[in-house]
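J.: Sequence plus predicted model, see below.
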Amino acid sequence: MVKKLLLLLLFSFTLLFGNEEGGEEFVKKEYHPKTLVELVASFWETTGIKAIIDVNDDEVAIDPAGEEKKLGAFESSVGRIIMIGIVFLLFYLAIAKGFEPLLLIPIAFGGLLANIPLAHMTGPDGMLGIIYNMGIANEFFPLLIFMGVGAMTDFGPLLANPKTALLGGAAQFGIFGSLIGAVALGFDLQDASAISIIGGADGPTSIFIANKLAPDMLGAIAVAAYSYMALVPVIQPPIMKALTTEEERKIKMGVQRHVHKMEKLLFPLIVLLLSILILPESTPLIGAFAFGNFVKESGVVERLSNTMQNALINIVTIFLGLGVGSKLAADKFLVLESLGIMIIGLIAFGIGTAAGVLMAKLMNKFSKEPINPLIGAAGVSAVPMAARVVSKVGAEARPGNILLMHAMGPNVAGVIGSAVAAGVLLSIFK
């Protein structure tokens, strides 16, 4: 026992004094006493207030990939204040107005965290950077969202009236219209392709394609897509009313036929098979969507279906929103391109809505059964918000006129349509 103790003491002595230079570094530590004024000054240098009000271009921002960018005076001070104001506007829309709070609150909070000076929240070791690399940079989160949406989707209305798929296709004119608009504003074809998906009001698809074609624009594209999804009740009704007459809005549609379970079971498999054979680039999105729907319609794995519809999609929405919000940092969002993207997205969404309504008006002229043109507006991918808006506008024109199930046909067709459009753009411009 004594021998072991002596060996331990000898070993400790060797560590402390065996290397004179190293030992001095280990044992001696120079301490420079500071006055109270110096301590306060040191603390002041680390505060966010000082970083914002001290206009300079010395601060460095770090993105999730670890790349550093020197911030200008505007980005590090006034830009942050503007972005924090935008974040609180999103909070207001989500909480006071009820515009898609499940999406806007995580996105806005991520934007708030991204604009905290000196915190490096968006760096590879920061919380937002970890979330971004974990599921957005590799497109994993959008696929999980599509899986959950598939589990919540009922293709019955579409199968009961297959011609409403044309309305979902017509609404995709907004995507290709925004592609032309983006090119006209000076974006190259690859960037314009990423921007154009905003026209379908499909957030997960917008993130998926932007990450492949224009990762630098991901923040503006995602925020625009989700903002227009949230603003469907504001944007769509004026367009719908402007393009239809009072009599058209009062049209009452007949009862839909009963759809057999086997039809619902085979449909996602057929859609997936067609995408594999014709448009493989769209397979990740359509495959996740088809899987979620197939699990639901099988009827034998209710626990899996319930998990996808509730726990899974809710958890992923939290992370997806925070990750998207990380792109709301002033240096990434307050650029001229972001304003152009927001304008293009708004116009494209309007075009998609108008195209769906006009197609429904045309189909009504040649259809034996009456078609209310309002359901064409549900051809955009905002499920089920667009269908609810259609039902509300229809009920205002004719109380008791329930259009919700009829509108769900083009609504779910729009989800598939936007995924197909994304696959086409990826195939051409990737």
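T.: Arrived safely, thanks for sending.
J.: which residues make contact with the helix or strand containing Pro157 from outside it?
T.: Using DSSP states H and E, Pro157 maps to helix 156-160. Helix 156-160 has contacts (C-beta atoms under 8 Å, 6 or more residues apart in numbering) with 164-165, 256-259, 263-264, 267, 405-410, 412-413. For every residue, glycine as well, the C-beta is placed using N, CA and C.
J.: Make a PyMOL selection of whichever of the residues you listed turn out to be buried.
T.: Applying 16 or more other C-beta atoms under 10 Å to the contacts of helix 156-160, the buried members can be selected in PyMOL as follows:
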select buried, resi 164+165+259+264+267+405+406+407+408+409+410+412+413
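J.: Who are the packing partners of the helix or strand that comes right after the helix holding Pro157?
T.: Next in sequence after helix 156-160, counting helices and strands by DSSP H and E, comes helix 165-170. Applying 3 or more C-beta pairs under 8 Å, 6 or more residues apart in numbering; DSSP states H and E, we find helix 165-170 packed against helix 336-366, helix 404-429.
J.: Can I get helix 165-170 in PDB, CA atoms only?
T.: Extracted in PDB, the C-alpha atoms of helix 165-170 (Å, rounded to 0.1, in the frame of the first residue of the first chain):
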ATOM      1  CA  ALA A 165     -58.100  16.000 -61.300                       C
ATOM      2  CA  LEU A 166     -58.100  18.400 -64.300                       C
ATOM      3  CA  LEU A 167     -58.700  21.200 -61.800                       C
ATOM      4  CA  GLY A 168     -55.600  20.200 -59.800                       C
ATOM      5  CA  GLY A 169     -53.700  20.200 -63.000                       C
ATOM      6  CA  ALA A 170     -55.000  23.600 -64.100                       C
END
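J.: what's the average pLDDT for that helix?
T.: Across helix 165-170, the average pLDDT comes to 89.
J.: and what of stretch 126-142?
T.: Stretch 126-142 comes out at a mean pLDDT of 90.
J.: before we move on, what about stretch 227-237?
T.: Stretch 227-237 carries an average pLDDT of 82.
J.: tell me which residues in that stretch are buried?
T.: For stretch 227-237, burial by neighbour count (16+ other C-beta under 10 Å) applies to 227-233, 235-237.
J.: Just the ones in helices from the residues you listed, please.
T.: Judged by DSSP state H, the buried residues of stretch 227-237 include 227-230, 232-233, 235-237 as members of helices.
J.: Would you format those residues as CSV with distance to Lys327 included?
T.: Supplementary listing: these in CSV, determined by distance: C-beta to C-beta, whole Å:
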residue, distance to Lys327
Ser227, 13
Tyr228, 17
Met229, 17
Ala230, 17
Val232, 22
Pro233, 25
Ile235, 23
Gln236, 26
Pro237, 30
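J.: I'd like to know which of those residues is nearest to Gln190.
T.: Tyr228 (22.0 Å; C-beta to C-beta).
J.: shouldn't that closest one be in contact with Phe349?
T.: Yes. Counting by C-beta atoms under 8 Å, Tyr228 touches Phe349, with 4.8 Å between them.
J.: Out of the helices and strands packed on helix 165-170, which is the most enclosed?
T.: helix 404-429 (a mean of 25; mean count of other C-beta atoms under 10 Å).
J.: From Arg249, how far out is Ala397?
T.: 4 Å (C-beta to C-beta, to the nearest Å).
J.: repeat for Leu334
T.: Relative to Arg249, and taking C-beta to C-beta, Leu334 is found at 41 Å.
J.: Okay, and the beta partners of Ala61?
T.: Beta-bridge pairing for Ala61 (DSSP bridges): Lys69.
J.: which residues touch it?
T.: 68-71, 75, 120, 122, 329, 331.
J.: Then Asp63?
T.: Asp63 is in contact with 69, 122-123, 129, counting by C-beta under 8 Å, 6+ apart.
J.: ditto for Ala210
T.: 194, 197, 217-218, 221-222.
J.: Just give the number of residues close to Ile81.
T.: When neighbours are defined as other C-beta atoms under 10 Å, Ile81 has 12 of them.
J.: tell me which element it is part of?
T.: Taking DSSP H and E as the definition, Ile81 sits inside helix 78-95.
J.: Also compute the angle for the helix or strand just after that helix relative to helix 78-95, please.
T.: Remark: after helix 78-95, the chain's next helix or strand is helix 101-114, criterion DSSP H and E. Interaxial angle, helix 101-114 versus helix 78-95 (axes from the mean of the first three to the mean of the last three C-alpha atoms, to 10 degrees): 160 degrees.
J.: quick one: buried residues of helix 101-114?
T.: 101, 103-114.
J.: Now do it: which elements does it pack against?
T.: Going by 3+ C-beta pairs under 8 Å, 6+ apart, helix 101-114 lies up against helix 78-95, helix 127-131, helix 218-230, helix 313-325.
J.: wait, which of the ones you listed is closest to Ile375?
T.: Closest to Ile375 of these is helix 218-230 (C-beta to C-beta; 18.5 Å).
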